[in-house]
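Novice: here is my input, please return the structure:
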Amino acid sequence: MTHMHIPDGILPVWLWVSGFILMAFILGFSLLQLRNIDMKRKIPLLGAVAAAMLVAMNLEIFIIGYHINLSVAAGILLGPALGFVAAFIANVMLALMGHGGITVLGLNTFLLGSEAVLGHTVFFLLKKRLPVFWRAATATVLTQFVATLLLIGIVAVSRVNPALFGHEEEHAGAIRDSVRMFAAVVLSFGSIGWVIEAAITGSVMKFISQVKPDLLGHVLHRGTSAEK
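Specialist: Predicted structure coming up:
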């Protein structure tokens with residue numbers, strides 16, 4: 001999971017301030033895109049999806065130190081703009097609960113929001129080519145890989161001890177002072193989590209496409225044999 005659990009005072013000021021500026025720009029742009037959306041229909045769904053993300057992100061696969069985040073599912077269901085808003089809401093609540101400092105909110109929202117945007121985009125581009133399950137699963141794996149590379153980039157430019165970004169104490173000693181080792185750990189253990197999250201996201205999207213296909217109306221090509 002690409003959510004940094006580091007407390008305030010760790011990241012250099014220029015980095016977390018840049019994160020807030022980037023978050024504010026994308027969030028503002030996303031809100032502008034919502035002017036023509038049926039908000040009466042989308043706001044309840046936004047609340048439900050953000051709540052599901054919050055619950056999922058508090059659950060950990062202990063062996064690999066991975067947290068499911070459902071960010072790709074949020075992007076698919078809500079679209080890229082509302083998906084980013086959902087990521088912002090979930091990260092605000094996590095910060096208030098002590099899962100990461102307030103100063104890292106901008107970067108965390110950027111990471112999670114980018115997953116929602118990219119996940120939606122890949123899922124949409126794969127329509128007609130794959131069944132819903134495999135579209136969602138493929139979008140999840142590709143998105144998590146890209147977002148993890150972004151996380152590694154943040155760790156590298158921060159010049160902070162990479163062990164401080166780890167979720168598991170047993171991993172901390174292995175990645176201390178080494179960005180390369182940090183990258184190796186998060187990519188190897190993370191890839192297992194990506195597959196698990198891909199299976200969950202794919203199953204959820206397949207179920208929704210069968211019982212409530214209108215929720216996927218903006219990305220689902222209905223009536224083709226591939227979706228059955």
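Novice: from here on, contacts and neighbour counts on C-alpha atoms
Specialist: Will do.
Novice: just checking, what packs against the longest helix belonging to the chain?
Specialist: Criterion DSSP state H: the longest helix present in the chain is helix 179-211. Where contact means 3 or more CA pairs under 8 Å, 6 or more residues apart in numbering; DSSP states H and E, helix 179-211 is packed against strand 66-67, helix 71-78, helix 132-158, helix 169-175.
Novice: CSV for the ones you listed, including distance to F84 and mean pLDDT?
Specialist: Shown next, in CSV, are the helices and strands packed on helix 179-211 (distance: least, CA to CA, whole Å; pLDDT from 0 to 100):
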stretch, distance to F84, mean pLDDT
strand 66-67, 18, 80
helix 71-78, 8, 94
helix 132-158, 14, 94
helix 169-175, 30, 47
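Novice: so for D8, which of those sits nearest?
Specialist: helix 132-158 (13.6 Å; CA to CA).
Novice: next, the buried residues of that closest one.
Specialist: 132-145, 147-152, 155-156, 158 (16 or more other CA atoms under 10 Å).
Novice: between the helices and strands packed on helix 179-211, which one is closest to P12.
Specialist: helix 132-158 (6.6 Å).
Novice: how about low-confidence regions in the protein?
Specialist: By pLDDT under 70, the weakly predicted segments of the chain are 1, 64-65, 166-177, 217-228.
Novice: rerun at 50
Specialist: 168-174, 220-228 (pLDDT under 50).
Novice: circling back: a markdown table for the helices and strands packed on helix 179-211, including distance to E60?
Specialist: Shown next, in a markdown table, are the helices and strands packed on helix 179-211 (distance: least, CA to CA, whole Å):
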| stretch | distance to E60 |
| --- | --- |
| strand 66-67 | 5 |
| helix 71-78 | 15 |
| helix 132-158 | 16 |
| helix 169-175 | 14 |
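Novice: of the ones you listed, which approaches G190 most closely?
Specialist: strand 66-67 (6.7 Å).
Novice: contact partners of the closest one?
Specialist: 1, 56-61, 167, 189-190, 193 (CA atoms under 8 Å, 6 or more residues apart in numbering).
Novice: stretch 193-208: which residues count as buried?
Specialist: 193-203, 205-206, 208.
Novice: could you check stretch 184-194 and say which residues are buried?
Specialist: 185-187, 190-191, 193-194.
Novice: just give the nearest non-adjacent residue to L31, would you?
Specialist: Counting by CA to CA, 6 or more residues apart in numbering, L31 lies nearest to A81, which is 6.9 Å off, once chain neighbours are set aside.
Novice: buried residues of the helix or strand where G47 lies, list them for me.
Specialist: If you go by DSSP states H and E, G47 is part of helix 39-57. Within helix 39-57, the residues that count as buried by 16+ other CA under 10 Å are 42, 45-46, 49-54, 57.
Novice: then stretch 84-98?
Specialist: So, applying 16+ other CA under 10 Å, buried residues of stretch 84-98: 84-92, 94-95.
Novice: possible to save these as TSV with distance to S30 and secondary structure?
Specialist: Below are these laid out as TSV (distance: CA to CA, whole Å; DSSP: H, G, I helix; E, B strand; the rest coil):
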residue	distance to S30	secondary structure
F84	7	helix
V85	7	helix
A86	11	helix
A87	12	helix
F88	11	helix
I89	13	helix
A90	16	helix
N91	16	helix
V92	17	helix
L94	21	helix
A95	21	helix
